[in-house]
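Asks: prediction below, plus the sequence it came from.
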Amino acid sequence: MPRLVRVAAAQLGPIAREESRAAVVERLLAMLHKAHSFGAQLVVYPEMALTTFFPRWVFDDVDDADAFCETSMPNPDVQPLFDEAKRLGIGFYLGYGELTQEEGRKKRFNTSILVGADGSIIGKYRKVHLPGRKDADPTGCAGNFEKRYYEVGNLGFPVFRAFDGVMGMAICNDRRWPETYRAMSLQGAELIMLGYNTGTVKRTMVGNAQVQEPAHLSSFHNHLVMQAGAYQNCCWVVGVAKAGMEEGVEFMGGSCIIAPTGDIVAQAVTTADEVIVADCDLDLSLHNRRTTFNFEVNRQIQTYGIITAQRGVVVSV
Ligand code: CDT
């Protein structure tokens, strides 16, 4: 009997700074209903799916970020999503900015939760690989200041038994790091959900000149890392964008559902609110798990210590 879970990727178009949480939740609900009409059991929404992507701005007062964060979950704005998903018997992944009190002080995290078909929160993840800069960028290249507002996630890479399998979560820049997938696949992850907000244009300085990366590369890298993560770790990956022109910045779409073979089996074609679905057979990777990627047999951990012993490159030759 295959373990099939029908998963929907619910890509969001842009969210304006002035758009209320209630209005955004209406959009999430519309996509929930579409996903339900497609027979989905699990809906994956993007990173920071309740507000505009505020870390594109450098607020002089860092605490201005609080207004974009949630202090509880569910809260009255998001409760309709929890209620309707429960009524329909659908689970979901939701990314949002989290504002919390820990160790006697205020902390913000870039967070996602996995909610079960019964409306209860199964698990939480806090983004580990924060991109961007802490301070304003004099070159004007940087468009991401998450390090200014968020703390590095302190929950590790937990996995959760749900939807007849083992589920993992990651957020945006995490997808570029092989350690993300491996940390979860070593705990048996069979499906990894991740939301992203990724600009279509990347700039860098070469000497005194600002140089723009060739346009096709952002989208190529987006799929490259997720497809490699899926294949090398024998798991499904569901990558979901916030897309389109948001507050003057263009975010890529390309939301997709990737099989453990590395194949993209469903992909969004717009940069607006769009729902795609796929039947994810959680047993599809059994062959690879028993052969090429039989970790127990083939991983040579005596040679991998350097990966956790040091952070940066050390040239000793
Ligand atoms: N939101 C987020 O994590 N964005 C990053 C921007 C990286 S800038 C090179 C991303 O990995 O898409």
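Replies: Right, received. Where do you want to start?
Asks: quick check: residue 147 touching residue 130?
Replies: Yes - with contact defined as C-beta atoms under 8 Å, residue 147 reaches residue 130; the gap is 5.1 Å. Yep, even glycine has a C-beta here, placed from its N, CA and C like the rest.
Asks: so for the two, which sits in the more crowded spot?
Replies: The residue with more neighbours, out of residue 147 and residue 130, is residue 130; 23 against 15, by other C-beta atoms under 10 Å.
Asks: the more buried one contacts residue 149, doesn't it?
Replies: No - with contacts counted by C-beta under 8 Å, residue 130 stays clear of residue 149, the gap being 9.1 Å.
Asks: point me to the residue of the stretch 201-317 of the chain nearest the ligand.
Replies: residue 202 (5.8 Å; C-beta to the nearest ligand atom).
Asks: that residue and residue 99, how far apart?
Replies: Residue 202 is 29 Å from residue 99, where distance means C-beta to C-beta, to the nearest Å.
Asks: more neighbours: these two, which one.
Replies: More crowded of residue 202 and residue 99, by other C-beta under 10 Å: residue 99, with 19 against 16.
Asks: quickly list what the more buried one is bridged to.
Replies: residue 108 (DSSP bridges).
Asks: quick check: it touching residue 67?
Replies: No - using C-beta under 8 Å, residue 99 is not in contact with residue 67; the gap is 9.4 Å.
Asks: list the buried residues of stretch 197-216.
Replies: 197-200, 202 (16 or more other C-beta atoms under 10 Å).
Asks: could you do stretch 72-82 as well?
Replies: In stretch 72-82, counting by 16+ other C-beta under 10 Å, buried: 73-74, 78, 80-82.
Asks: contacts for that stretch next, please.
Replies: 20-22, 25, 28-29, 32, 50, 70, 92, 94, 96, 98, 113, 115, 119, 121 (C-beta atoms under 8 Å, 6 or more residues apart in numbering).
Asks: please save the CA atoms from it in PDB.
Replies: Only the C-alpha atoms of stretch 72-82 are listed here, as PDB (Å, rounded to 0.1, in the frame of the first residue of the first chain):
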ATOM      1  CA  SER A  72       0.600  34.100  19.700                       C
ATOM      2  CA  MET A  73      -0.500  31.400  17.300                       C
ATOM      3  CA  PRO A  74      -3.300  31.100  16.500                       C
ATOM      4  CA  ASN A  75      -4.400  34.600  17.200                       C
ATOM      5  CA  PRO A  76      -7.700  36.200  16.300                       C
ATOM      6  CA  ASP A  77      -6.500  37.200  12.800                       C
ATOM      7  CA  VAL A  78      -5.400  33.700  11.900                       C
ATOM      8  CA  GLN A  79      -8.000  31.800  13.800                       C
ATOM      9  CA  PRO A  80     -10.400  31.600  10.800                       C
ATOM     10  CA  LEU A  81      -7.700  29.700   8.900                       C
ATOM     11  CA  PHE A  82      -7.300  27.300  11.700                       C
END
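Asks: for that stretch, what is the distance to the chain centroid?
Replies: 20 Å (C-alpha atoms, centre = their mean, to the nearest Å).
Asks: stretch 77-87 - what's its average pLDDT?
Replies: Rounded to a whole number, the mean pLDDT of stretch 77-87 is 98.
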